[in-house]
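# Below are the sequence and a predicted model; questions follow.
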Amino acid sequence: MQTLKATKNDKLDAQTFPMAGKCPFGGDRIGGAVGSPPALSDWYPNRLKVELLHQNGPQANPLGADFDYKAAFEQIDLAALKQDIKSFLTTSVAWWPSDYGNYGPQMIRMAWHAAGTYRIADGRGGAGEALQRFAPINSWWDNGNTDKSRRLIWPIKQKYGNALSWGDLMVLTGNCALEIMGFPTYGFAGGRQDAWEADNATYWGPEIWDPTDVKSFDSMVTRDKRWRGQNGDADYDLENPLAASHQALIYVNPEGPYANGDPMGSARDIRTTFTRMAMNDEETVALIAGGHAFGKSHGMVSADEVGPPPEIAPMEAMGLGWHNPKGTGFAQYTMTNGIEGSWTPNPTQWDNAYLENLFKFEWVQTKSPAGASQWTPADPDAPKTPDAHVPGQMHGLMMMTSDIALKVDPEYRKVCEKFLNDFDAFTLAFSKAWYKLTHRDMGPKERYLGAEVTLENDLLWQDPIPPRDFDLIDAGDIAELKQAIKATGQSVSDLAFTAFSAAATFRDSDKRGGANGGRLALAPQKDWAVNQRTVPVVAALRQVADAFNAKAGGKRVSLADLIVLGGCAAVETALADGGHSIAVPFTPGRVDTRQDLTDIEMFEWLKPVVDGFRNFVADDAAAITRVSPEELFLDRAYLYSLTAPEWVALVGGLRALGANHDGSQHGIFTDRVGVLSNDFFVNLTSVDLEWRKSDETAMTFALVDRDSGEARFTATRCDLVFGSNSQLRSVAEVYASSDGEARFAKDFVTVWNKMMMLDRYDVRGRSL
């Protein structure tokens, strides 16, 4: 009998299939297996992908739900770990030799590109889950040969095992690389927990390339759909929530927009991209100038000669990509981004040579051996830089178009000149900008681990909350405060809405937002249209807090705590009125922050365009988004880390409580508003009601009695999706059943408490 084998195309060949005798029923050919296309998304590309809420679930995690990364990490001798990393950095291996005998620059790039995917618009990206290990990021053109960097540090990961995540190791290796080259880092915090599967949810842009076209990387680096207008136009703008100027790049094309070698156009792209990464002009210059003080760029081979990226490389490539067939394929033959050369005469030493050379010389545009646009000094007597591998061989210096951009842009030039004249200021700026770059997605400092944590309270991007300087309220105080809240006359609906609104800014992507800090009472949140219903409630609760704190001695209640407590008390009342005796958990300990500790510009990014939980759609939503309200609703549920059942239960409860942002009746499928009932689900799934769109936009609907023609309820797409989407409806039917209300009440309390506690890393655990 012949054995099963694969052809060169890794497809089964019918000629080699084992055939002891042909089956009379046929079926002697295999055309697919689990996951083979076409899949649901091929057949129904516009379906709401609810299953994304369960991505990276516990089943994918080999460490199990009980693994305590914080406890494991804190057993590591950090000094010994850093010494192991630093020893490796200057010990070259034959299969991928280090440039200049030092892996430092290569590892800085790895860490930088791991962290640099972060974007402020939705908080996604960053080094936190080490997603650089998986597609699509591991195979982006901009991440060429970072696969080699991770493979080089595998022995260190292997030695420290599960106590050291890939996310922490990559960032720490970048820090160690800076330190061995004379740069004083600002600090390091561990606490990043790795993902265990590829991210199939994040939107990286609308452009599509042919991943099988391995000889044309130009098709991967595209920008044709994400921008409005052309570079230099008055309305030139990058689509939200994107940050990168091109698909498959971390930042900008180093050859300039459209690879056209235009420095001023490059400056425009740099400012847009780095602003979307939450970096100001000074931080931007510090990162670019600081990073380019080290190492070199690689462009000795034409891009169309390099093999496919890791995700589609052949089996024998061992999970590595970008095979270079020229020469050894590495060392002096290395190909990465196509630009060739170094920025400084001493590429493994922290100094100010990058800025000195950038401003001292005139630069002439030229081409790399791979054909990429780059720049060389016009002065033939300009300093030279040593070859990274051939002893005694020297080369001219190199600048990228994105480097020349810092010189021609007036604002960037001012920062460069400041750093050129004050090397100490440059050093401090780069150290703080690097710390921000590599820690921006980690959230509050309660999550930071290790002996090198920088605990200063002056880093505004960390959304600081002052330390608690008062005793916590106890059970007796909580009971007293509940009565005081009820005495204000605020309705169950208003109290629940306000508490939810305080928590609703949270996003699990970068651990920002949430009720802690009481920022609902501060700008910009207090001024958002979606929060206007909370203003009188917050004012009433502030009076309760002031009265209690005036007589409580060492105890105090924060406004942040009282807002949440008011919501919990309202839910308890709604439960009782619905016949459910369930206590709603409340955990005190929130602290009020101050306006001067709130970065208004950065918090403005948390303002929703669509918030289906509160049935909010901004007035200009139709003009600024091509995404449906239910898709943005799913996105927000994802940022809350909700499962599909939690999403359904939470919305059903909010609708029963009447928690629409404007007090409208959309989705309030009950005549018992403020009572925790399953009426929302009963009427949503009723076959006696017909859904009719209100107009051709199909944004609002009427639920009409089939027999009488009477309109019973009104609804939005964010209400009816729970009855139209098959996966969400299957959950809604559980709660709509005759035995479903008790389960719904219990599940709603659980997910309500989850929402109120999403940002409580001070009690949830620092490494969560």
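Thanks, I have the structure now.

# show me the contacts for Pro585.
Cys568, Val749, Asn753 (CB atoms under 8 Å, 6 or more residues apart in numbering). No exception for glycine: its C-beta is placed from N, CA and C like everyone else's.

# Just say helix, strand or coil for the last one.
Translated: Asn753. With DSSP: H, G, I helix; E, B strand; the rest coil as the basis, Asn753 sits in helix.

# Let me know the average pLDDT across stretch 356-375.
Stretch 356-375 carries an average pLDDT of 97.

# Just the CA coordinates for that stretch, please, in PDB.
Only the C-alpha atoms of stretch 356-375 are listed here, as PDB (Å, rounded to 0.1, in the frame of the first residue of the first chain):
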ATOM      1  CA  GLU A 356      25.200  66.000  15.500                       C
ATOM      2  CA  ASN A 357      25.600  64.300  12.100                       C
ATOM      3  CA  LEU A 358      22.000  65.100  11.100                       C
ATOM      4  CA  PHE A 359      22.500  68.800  11.600                       C
ATOM      5  CA  LYS A 360      26.200  69.200  10.700                       C
ATOM      6  CA  PHE A 361      26.000  67.800   7.200                       C
ATOM      7  CA  GLU A 362      23.900  68.300   4.100                       C
ATOM      8  CA  TRP A 363      22.300  65.100   3.000                       C
ATOM      9  CA  VAL A 364      21.900  63.800  -0.600                       C
ATOM     10  CA  GLN A 365      19.200  61.400  -1.600                       C
ATOM     11  CA  THR A 366      20.500  58.100  -3.000                       C
ATOM     12  CA  LYS A 367      19.600  54.400  -3.300                       C
ATOM     13  CA  SER A 368      20.500  51.400  -1.200                       C
ATOM     14  CA  PRO A 369      21.800  48.100  -2.800                       C
ATOM     15  CA  ALA A 370      18.200  46.900  -2.500                       C
ATOM     16  CA  GLY A 371      16.900  49.900  -4.300                       C
ATOM     17  CA  ALA A 372      15.400  51.800  -1.400                       C
ATOM     18  CA  SER A 373      15.500  55.500  -1.000                       C
ATOM     19  CA  GLN A 374      18.000  56.800   1.600                       C
ATOM     20  CA  TRP A 375      20.400  59.700   2.200                       C
END
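
# For it, give me every contacting residue.
So stretch 356-375 is contacted by 255-256, 259-261, 299-303, 335, 337-341, 343-344, 376-379, 382-383, 397-401, 403-404, 406-407, 416-417, 420 (CB under 8 Å, 6+ apart).

# cool, stretch 149-157 as well?
Taking CB under 8 Å, 6+ apart as the rule, stretch 149-157 contacts 81, 84-85, 88, 93, 96, 103, 106-107, 109-110, 132-133, 164, 166, 169-170, 173, 320.

# number of nearby residues for Ser41?
The local packing of Ser41 (other CB atoms under 10 Å) involves 12 other residues.

# Including neighbour count, pLDDT and distance to Pro464, could the contacts of Pro585 go into TSV?
Compiled in TSV, the contacts of Pro585 are given as follows (neighbours: other CB atoms under 10 Å; pLDDT from 0 to 100; distance: CB to CB, whole Å):
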residue	neighbour count	pLDDT	distance to Pro464
Cys568	24	98	26
Val749	22	98	32
Asn753	17	98	26
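
# Pull out the buried members of the contacts of stretch 356-375.
The neighbour-count test (16 or more other CB atoms under 10 Å) marks 255-256, 259, 261, 299-303, 335, 337-341, 343-344, 376-377, 382-383, 397-401, 403-404, 406-407, 416, 420 as buried among those.

# which one among the contacts of Pro585 gets closest to Ile478?
Set against Ile478, the nearest of those by CB to CB is Cys568 (9.1 Å).

# what helix or strand is that closest one on?
According to DSSP states H and E, Cys568 maps onto helix 559-577.

# That helix packs against which elements?
In this structure, helix 559-577 makes packing contacts with helix 475-487, helix 492-503, helix 535-551, helix 741-757, judged by 3 or more CB pairs under 8 Å, 6 or more residues apart in numbering; DSSP states H and E.

# buried sites along it?
559-575.

# Checking Thr505 next. Helix, strand or coil?
At Thr505 the chain is in coil, as set by three-state DSSP.

# hmm, back to that, restricted to strands, list the contacts of stretch 356-375.
Using DSSP state E, the members of these that fall in strands are Gly341, Thr376, Pro377.

# how about the nearest residue to the last one, chain neighbours excluded?
Distance criterion CB to CB, 6 or more residues apart in numbering; nearest residue to Pro377, sequence neighbours excluded, is Phe361 at 4.2 Å.

# Count the residues that sit near that neighbour.
18.

# Any idea what the spatially closest residue to Thr385 that is not a sequence neighbour is bridged to?
Once flanking residues are discounted, Thr385 sits nearest to Ser342: 4.2 Å by CB to CB, 6+ apart. Residues in a beta bridge with Ser342, per DSSP bridges, are Lys296.

# now the helices: where do they sit in the stretch 51-200 of the chain?
69-73, 78-89, 104-115, 146-152, 154-160, 166-180 (DSSP state H, counting those that start in this stretch).

# do you know which of those lies nearest Asp471?
Per CB to CB, nearest to Asp471 of the helices of the stretch 51-200 of the chain: helix 69-73, 26.4 Å.

# Around Asp168, how many other residues sit close by?
For Asp168, the count of nearby residues is 28 (other CB under 10 Å).

# Tell me how far the residue nearest in space to the middle of the chain lies from Leu53.
Geometric centre of the chain, nearest residue: Arg124, 1.2 Å, by CA atoms, centre = their mean. Using CB to CB, to the nearest Å, Arg124 is found at 15 Å from Leu53.

# Can you name the next helix or strand after the lowest-mean-pLDDT helix or strand in the chain?
One helix or strand of the chain scores below all others by mean pLDDT, DSSP states H and E: helix 621-624, with a mean of 85. Per DSSP H and E, the first helix or strand lying C-terminal to helix 621-624 is helix 629-639.

# before we move on, the earlier item: quick one: residues in contact with the next helix or strand after the helix holding Cys568.
Using DSSP H and E, the helix or strand that directly follows helix 559-577 along the chain is helix 600-603. For helix 600-603, contacts defined as CB under 8 Å, 6+ apart pick out Ile120, Ala278, Leu460, Trp461, Asp463, Thr505, Arg519, Ala523, Pro524, Gln525.

# What are the neighbouring residues in contact with the residue nearest to Thr385?
By CB under 8 Å, 6+ apart, the contact set of Ser342 is Gly295, Lys296, Ser297, Thr385, Ala388, His395, Leu397, Met398.

# Next, work out how far apart it and Gly290 are.
From Ser342 to Gly290 the distance is 15 Å (CB to CB).

# Quick check: buried residues in stretch 648-664?
Buried, per 16+ other CB under 10 Å, within stretch 648-664: 648-661.

# Quick one: these as a markdown table, columns for distance to Asn138 and pLDDT too.
As requested, the buried residues of stretch 648-664 are exported to a markdown table (distance: CB to CB, whole Å; pLDDT from 0 to 100):
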| residue | distance to Asn138 | pLDDT |
| --- | --- | --- |
| Val648 | 34 | 98 |
| Ala649 | 36 | 98 |
| Leu650 | 34 | 98 |
| Val651 | 36 | 98 |
| Gly652 | 40 | 98 |
| Gly653 | 40 | 98 |
| Leu654 | 39 | 98 |
| Arg655 | 42 | 98 |
| Ala656 | 45 | 98 |
| Leu657 | 44 | 98 |
| Gly658 | 47 | 98 |
| Ala659 | 42 | 98 |
| Asn660 | 43 | 98 |
| His661 | 41 | 98 |
